[in-house]
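*Asks:* sequence and predicted model, in that order:
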Amino acid sequence: MVEYNVTTFEDFHDCVHTNFKAGTFFRGLKNVQDYKLKPSAGRVLGDEFNDRDFTRLVAHEEDALMIFKAESQRYSDHNASSLWDYIFLAQHHGLPTRLMDWTYNPLVALFFAMEQDKGGDPVVYGCLDNESIGFEELDKKFPDYFDIDSNVFVIPKNVSPRLSVQSAVFSIQYNPFIEFDHNNLSRIIVSRESRKELLLTLNRYGINRKTLFPDLDGLCSWLKWLKFRDE
């Protein structure tokens, strides 16, 4: 994997402009040492599961999705018309799945990498994948979530405003216990000491909780950071 190191916003901009082609997907993680490119289903289940324990994994996923489909419409104004719509929506609201969030926008990925200090250097991964598919093709190729038999990038339907404003892309992994890998995967490690200054710069460019989470929670979270944070 190709690796770059940056300390300033200008460094980050130059690195992306020089080394990452248009169409690259980006994902930010808060700590390069401790955070891995694994979907939440593979992270949350922990050490009691392993990469061969698919029967138990599928049972947990089926139960969770069944309950989410039955209950979610009470809390959402967005009409889901397929199983994948429900899965995209569930992923963006924190349900463990085999999906990982990526974005077309490197500044969005940088924000999520820098937002919380987790004791190490944040990192932004970039992946150029020329075989990504749209949600309609996903529905045809894999009509059931449990039909997935390989790793795939998908451009989701915007079943939530968050998906649109975050320029969302998802990777879907057949085996969520194994760390994501790709022939065209690179990463930018950002100095932890630059975190506060980078967040201020991103805010000036309109990348913050208010814009990325267009609801009252996002607004209040942004105001809390803007007016009540430690200097």
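*Replies:* Perfect, thanks for sending it.
*Asks:* what's the following helix or strand after the biggest helix by length in the chain?
*Replies:* Assignment by DSSP state H gives helix 54-71 as the longest helix of the chain. Following helix 54-71 in sequence order, the next helix or strand is helix 83-92 (DSSP states H and E).
*Asks:* now that next one, how far from the centre of its chain.
*Replies:* On the basis of Cα atoms, centre = their mean, to the nearest Å, helix 83-92 sits 13 Å off its chain's mean C-alpha point.
*Asks:* report the angle between that helix and helix 54-71.
*Replies:* 90 degrees (axes from the mean of the first three to the mean of the last three Cα atoms, to 10 degrees).
*Asks:* mind giving me the packing neighbours of helix 83-92?
*Replies:* helix 54-71, strand 99-103, helix 135-141, helix 161-165, strand 168-172 (3 or more Cβ pairs under 8 Å, 6 or more residues apart in numbering; DSSP states H and E). Glycine gets a C-beta too; all of them are placed from N, C-alpha and C.
*Asks:* right, and these - which one's nearest Asn19?
*Replies:* strand 99-103 (17.1 Å; Cβ to Cβ).
*Asks:* bridging residues for the most centrally placed residue in the chain?
*Replies:* Geometric centre of the chain, nearest residue: Asp101, 2.0 Å, by Cα atoms, centre = their mean. Beta-bridge pairing for Asp101 (DSSP bridges): Phe170.
*Asks:* touching, it and Ser167? I think so.
*Replies:* No - applying Cβ atoms under 8 Å as the test, Asp101 and Ser167 come out as separate, 10.5 Å apart.
*Asks:* shared neighbours of these two, which are they?
*Replies:* When contacts are counted by Cβ atoms under 8 Å, 6 or more residues apart in numbering, the set common to Asp101 and Ser167 is empty.
*Asks:* where are the low-confidence patches of the protein?
*Replies:* 45-53, 77-79, 159, 230-231 (pLDDT under 70).
*Asks:* could you rerun that using 80?
*Replies:* 44-56, 73-81, 157-160, 230-231 (pLDDT under 80).
*Asks:* related to what we said a few turns ago, can I get the helices and strands packed on helix 83-92 in JSON lines including distance to Asp217?
*Replies:* Shown next, in JSON lines, are the helices and strands packed on helix 83-92 (distance: least, Cβ to Cβ, whole Å):
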{"stretch": "helix 54-71", "distance to Asp217": "19"}
{"stretch": "strand 99-103", "distance to Asp217": "17"}
{"stretch": "helix 135-141", "distance to Asp217": "26"}
{"stretch": "helix 161-165", "distance to Asp217": "11"}
{"stretch": "strand 168-172", "distance to Asp217": "18"}
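*Asks:* how about the ones you listed, which one is nearest Leu212?
*Replies:* helix 161-165 (5.9 Å).
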